[in-house]
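Student: okay, structure incoming, though there's no sequence with it:
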């Protein structure tokens, strides 16, 4: 009887794994730290190597995605000569792949440029690659706005596409 129960248990577990039950498990994407573009994106404004402070967390479970993303360029991570540029919003869509350590966030954000200048309801997309300093990467795009301003890596497409940023401190995980 014990052998039969063991055989049944092993068969059930094997069937569960083979059937792709693991594919239904949620994928979590978390991280935070600082990033660098390793270049000055606004040389006419200042001679600084530009980067950001970022924080993110999201859970992808079946067709449901929820989370939060923030990218802050201020203080020692300024851009465009602005005292502040912050993109903050909920993660409401996208995809994540724990096997490859990649994810895409989409959602609606507020883009704050300080001095009472904020744009609400802005669509955004973030591409993420897991890793720590020198290995993790993120790329932020604000959709439908700011096309062609300094730092836009793809002028003329209607979006503000920042170049890929490398994690300088902190980490990004996809698990």
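Tutor: Good, I have the coordinates. Just so it is clear, the model here is predicted, and its values are computed rather than measured.
Student: how close does the residue nearest to residue 82 when sequence neighbours are not counted get to residue 147?
Tutor: Residue nearest to residue 82 in three dimensions, not counting chain neighbours: residue 113, with 5.7 Å by CB to CB, 6 or more residues apart in numbering. Where C-beta positions appear, they are placed from N, C-alpha and C, glycine not excepted. According to CB to CB, to the nearest Å, residue 113 stands 16 Å off from residue 147.
Student: try residue 168
Tutor: With CB to CB as the criterion, residue 168 and residue 147 are 27 Å apart.
Student: which regions of the chain lie under the pLDDT threshold?
Tutor: Applying pLDDT under 70 to the chain picks out residues 1-23, 76-78.
Student: what's the longest strand in it?
Tutor: strand 84-97 (DSSP state E).
Student: could you say which helix or strand holds the residue nearest to residue 92 when sequence neighbours are not counted?
Tutor: Sequence neighbours aside, residue 107 is the residue nearest to residue 92 in space, at 4.5 Å (criterion: CB to CB, 6+ apart). Per DSSP states H and E: residue 107 is located in strand 102-112.
Student: if you count neighbours, what's buried in that strand?
Tutor: For strand 102-112, burial by neighbour count (16 or more other CB atoms under 10 Å) applies to 102, 103, 104, 105, 106, 107, 109, 111, 112.
Student: thinking again about what came up before, the residue nearest to residue 82: neighbour count?
Tutor: 15 (other CB atoms under 10 Å).
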